[in-house]
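Q: this is a predicted model, with the sequence first.
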Amino acid sequence: MPTYSRLRLLTSRVTRALCILLVISLTLPLAAGCDQNTNSVMKDGSLTPTATNINTVSVSATPTLMTIAQVTQLASIPTPAATSAWDSLRRPLHLPTLTSGTPCPISKETAVNPAFGPGLGEGPVYPIQSNSLKDLPMEGDWHTTKLLWVSHPDYDSPALVRVHQLDGPNDPRFRATWSGQELTPELQLGALGSLIIEGATRLGWRGWGSTLHLRSPGCYAYQIDGLDFSNIVVFSVNW
C-alpha cells in the first residue's frame, strides 16, 4: 500500500477513536448528573426547586445535558397567578349588628384638614361628610349625595370601600366620578388620587370624588380596608 494511503487510513482511525472517547467522556458523567437531579425531584415530590437545584444552574461556554435538564425543570415551574390588589383588600366584613330598637352607633366627626369639611372615622382614609345625612335629592330611583374621600399623607397605598345598611336590606351604591362607571357596591381608591385639592394636595393629601346612592333612610356603615388597617365608619340617613 502506498505510504500516502496508509497515512490517510491511520489518520482516519485516530480521528474516529478520538470522537468515540469524547462522546463517552461527555455522556457518562452528565447522564449520572441527570439521574441525580431526577432522583432529587422524586424525593421532593414537587417541582419546586430547592436552593441546591438553583445553585447548580450555571451558564457555561459549552452547555451540558445536566444544565439543560435543570433549566427545563425550573422553566416548567408554574408561576403563581398574580393576586389582584383589590382581592387582597376584600377582607371579610366585620360590621356591627343592630338589634331592633338599637340606636345607630354613628361615628365621630373629625377635623382632618382645613381644606375640606369634617371627616368620619379614625383614618387614614376618610369620607368627608356628616355622620347624619338628611334631605338627599332624588336621582332616578335613588336618593343621592356627592361624597369626597381623602387619604392622609402618611398613607399612600390603595384602599377599598364597601357600604351596607345595618338595619335593613337596602344596600347603597357608589359611582366613582373619575371613571364614570356604573353604580357599584364598592369603591376602589387607587394609589393616585383623582382630584387636586387646593391647600391639601401639595401637602400629600389624596382625594377622590364619588356619589353615594341610597334607597331608604336608616343606619349605614362603610368598611374601609387598606394594606394595614380595616376601619368601620357608621352614619345615619333621614328624610
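A: Great, that's in hand. In this text, all values refer to a predicted model and were calculated from it rather than measured experimentally.
Q: where in this structure is pLDDT low?
A: By pLDDT under 70, the weakly predicted segments of the chain are 1-83.
Q: now do the helices in it.
A: Taking DSSP state H, the helices of the chain run over residues 3-44, 51-56, 65-75, 85-89.
Q: export the shortest one as CSV, just CAs?
A: As requested, the backbone C-alpha atoms of helix 85-89 are provided in CSV (Å, rounded to 0.1, in the frame of the first residue of the first chain):
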residue,chain,number,x,y,z
ALA,A,85,-54.6,44.2,44.8
TRP,A,86,-58.4,44.6,45.3
ASP,A,87,-58.9,40.9,46.0
SER,A,88,-56.3,41.1,48.8
LEU,A,89,-58.2,44.1,50.3
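Q: which residue is the nearest non-sequential neighbour of Ser216?
A: Take Ser216 and drop its neighbours on the chain: the residue closest to it by Cβ to Cβ, 6 or more residues apart in numbering is Asn170, 4.6 Å away. Glycine gets a C-beta too; all of them are placed from N, C-alpha and C.
Q: what does Pro127 give?
A: Leu120 (5.3 Å).
Q: isn't that neighbour right up against Val233?
A: Yes - Leu120 lies in contact with Val233 (Cβ atoms under 8 Å); the separation is 4.7 Å.
Q: got any residues that touch both of the two?
A: Here Leu120 and Val233 share the contacting residues Ser107, Pro127, scored by Cβ atoms under 8 Å, 6 or more residues apart in numbering.
Q: quick one: the residue nearest to Pro127 from Leu147, how far?
A: Taking Cβ to Cβ, to the nearest Å as the measure, Leu120 falls 11 Å from Leu147.
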